[in-house]
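1. Quick check, what structure comes out for this input:
(one chain, ligands or ions: 2)
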Amino acid sequence: MSTHIGAKPGEIAERVLMPGDPLRAKWIAETYLEDATSYSTVRGMLGFTGRWNGVAVSVQGSGMGMPSASIYAHELINEYGVKTLIRVGSCGALTEDLQLRDVVAAIGSATDSNMNRMRFDGLIDYAPVADFGLLRTSVEVAERRGITMRVGPILAADAFYTDRPDLYDTLADYGVLAVEMESAALYTIAARFRARALTVLTVSDHIKTGAKTTAQEREQTFSQMVEIALDTIVA
Ligand SMILES: O=P(O)(O)O[C@H]1O[C@H](CO)[C@@H](O)[C@H]1O
Ligand SMILES: O=c1cc[nH]c(=O)[nH]1
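-> Numbers count the residues shown, from 1 in each chain. Ligands and ions are numbered 1, 2, ... in the order given. Sure thing, here's the model as predicted:
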């Protein structure tokens, strides 16, 4: 057991899907994985291991925001030997040409989080980026499955409810596609500890139009993103 994950050694696969929502983790395990078993219920942050196309895959909830996701990424890599992590999350679209339920892969992650400013003593604006091999594979998988997936930069924000929506417009002017709350920390921690990471998202909200999906849809219906992530992580 690590501090926040109740798995015994060997119970977590080297390949892990990481949704923020622990109930999305349960849905993914029950819907997609063969012989899925639960390895952790600590803090209700559910984790499961099963097989996809015969390859061992785990699914671990990470909670919302970079402090929470950092804990799970750190313990998965450093205490359970996880090598590959793909976040499967929801996001708010910043650009007009994205629609609800579109799938986005994050090539890089801008952030307003202070975590990396502390890491680099405020002297470097570190650029958290996806693992190139995983990103390339995910693009190939999406094409093979006939799923349109946008690839581009996103924002990892500390706040879901922002007081500065004007900054979203500025970021969109610079090509930033969407906002979520974990990718910058995931990419940074994976780089630090020599693991590979990718973030694949489904548009659950549209920041410009106000369109949104329900909580049930966010938990149990973002299947294209999950299928891309599963095929990518076992490739
Ligand atoms: O749906 P998940 O994966 O939790 O991701 C997004 O949803 C949460 C906010 O509603 C944040 O965690 C954000 O990153
Ligand atoms: O961080 C997030 C996630 C989903 N939708 C948003 O608007 N923001």
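
2. CA only for contacts and neighbour counts going forward, please
-> OK.

3. just for this protein, where's the confidence low?
-> Along the chain, no part satisfies pLDDT under 70.

4. SS state for Y39?
-> strand (DSSP: H, G, I helix; E, B strand; the rest coil).

5. brain fart, H74
-> Secondary structure, three-state DSSP: H74 is helix.

6. and if you look at S62?
-> Assigned by three-state DSSP, the conformation of S62 is coil.

7. how about the residues of this protein near ligand 2?
-> Proximity of the chain to ligand 2 (CA under 6 Å from any ligand atom) is limited to residues 90-92, 160, 179-181, 204-205.

8. Let me have the residues you listed in TSV, extended by distance to ligand 1.
-> Converted to TSV, these look like this (distance: CA to the nearest ligand atom, whole Å):
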residue	distance to ligand 1
S90	4
C91	6
G92	8
F160	6
V179	8
E180	4
M181	4
S204	8
D205	9
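
9. So which of the residues you listed are in strands?
-> 90-92, 179-180, 204-205 (DSSP state E).

10. OK, contacts around the residue positioned nearest the centre of the chain?
-> The centre of the chain sits closest to R87, judged by CA atoms, centre = their mean, with a distance of 2.1 Å. Residues near R87 by CA atoms under 8 Å, 6 or more residues apart in numbering: 17-20, 183, 197-201.

11. Could you report the separation of it from V176?
-> To V176, R87 is 18 Å away according to CA to CA, to the nearest Å.

12. Likewise for A25?
-> With distances taken as CA to CA, A25 is found 27 Å from V176.

13. What sits closest to V179 if chain neighbours are left out?
-> Leaving aside its chain neighbours, V179 sits nearest to L155 (4.7 Å; criterion: CA to CA, 6 or more residues apart in numbering).

14. ok, the one you found - how many residues close by?
-> Counted by other CA atoms under 10 Å, the residues lying close to L155 total 26.

15. right, and it touches Y174 too?
-> No - with contact defined as CA atoms under 8 Å, L155 does not reach Y174; the gap is 11.2 Å.

16. ranges for the helices of the protein?
-> 22-32, 66-80, 115-119, 132-145, 165-173, 183-192, 215-220, 223-234 (DSSP state H).

17. Take those helices and lay them out in JSON lines including mean neighbour count and distance to S40.
-> As requested, these are exported to JSON lines (neighbours: other CA atoms under 10 Å; distance: least, CA to CA, whole Å):
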{"stretch": "helix 22-32", "mean neighbour count": "21", "distance to S40": "11"}
{"stretch": "helix 66-80", "mean neighbour count": "20", "distance to S40": "12"}
{"stretch": "helix 115-119", "mean neighbour count": "15", "distance to S40": "27"}
{"stretch": "helix 132-145", "mean neighbour count": "17", "distance to S40": "26"}
{"stretch": "helix 165-173", "mean neighbour count": "15", "distance to S40": "37"}
{"stretch": "helix 183-192", "mean neighbour count": "24", "distance to S40": "20"}
{"stretch": "helix 215-220", "mean neighbour count": "14", "distance to S40": "19"}
{"stretch": "helix 223-234", "mean neighbour count": "21", "distance to S40": "21"}
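
18. This completes my enquiry, with thanks.
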